[in-house]
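Engineer: this one's sequence-less:
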């Protein structure tokens, strides 16, 4: 008798129980030997609503993650952000304009031989060369500032994500 089965109440019940057990073992042996094949494509299956399902649902369906962000991870996140991409487009435009202005000032210097236009041309080239390292330094500085060593906690549920340790938490649904 299996654990949890109710014991037979009479001799006839016991005989029926033993016969059922023997039949089950015989079918299991035939399945293992390959004598019986079960062919079912699942087309007759359907979902059946269960009124008692809420009573048995697991209230802890989420995953809790804790992590300490490193400076290089924050740097990568800042670089891939939308604001960085728009700033990068602005930097490209500023560099192109600065190079064009430098070319114009060099052309003016060649025509007029005015040293002031040569100085402006060189300043425009320096500006174009400084724009990119300054942007890189700014992102590095922000990544260092945002690196606090604090543990970031995130709880992920099927319908929402909560971030933060205490109230107010960030909630993404």
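Structural biologist: Sure, I can see it. Quantities reported herein were computed from a predicted structural model and do not represent experimental measurements.
Engineer: hey, let's count contacts and neighbours off CA atoms from now on
Structural biologist: Fine.
Engineer: As a quick check, tell me the outermost residue of the chain.
Structural biologist: The C-alpha centroid of the chain is most remote from residue 11, which lies 62.7 Å away (Cα atoms, centre = their mean).
Engineer: Could I get the full set of strands for this protein?
Structural biologist: Secondary structure of the chain (DSSP state E): strands at 63-68, 151-156, 161-163, 170-172.
Engineer: and the second one, what other elements does it pack with?
Structural biologist: Helices and strands touching strand 151-156, by 3 or more Cα pairs under 8 Å, 6 or more residues apart in numbering; DSSP states H and E, are strand 63-68, strand 161-163.
Engineer: Quick one: mean pLDDT over the last one.
Structural biologist: What that stands for is strand 161-163. Strand 161-163 comes out with an average pLDDT of 80.
Engineer: Strand partners (parallel or antiparallel) of that strand?
Structural biologist: Strands that pair with strand 161-163, judged by DSSP bridges, come out as strand 151-156 (antiparallel), strand 170-172 (antiparallel).
Engineer: weakest of those by average pLDDT?
Structural biologist: When these are compared on average pLDDT, strand 170-172 comes out lowest at a mean of 70.
Engineer: quick one: residue 101 from residue 151, how far?
Structural biologist: To residue 151, residue 101 is 49 Å away according to Cα to Cα, to the nearest Å.
Engineer: If you could redo that for residue 11, that was the one I meant.
Structural biologist: Taking Cα to Cα, one finds residue 11 at 67 Å from residue 151.
Engineer: Where does pLDDT dip in the chain?
Structural biologist: For the chain, the stretches with pLDDT under 70 are 1-10, 12, 27-28, 30-31, 34-61, 166-170, 173.
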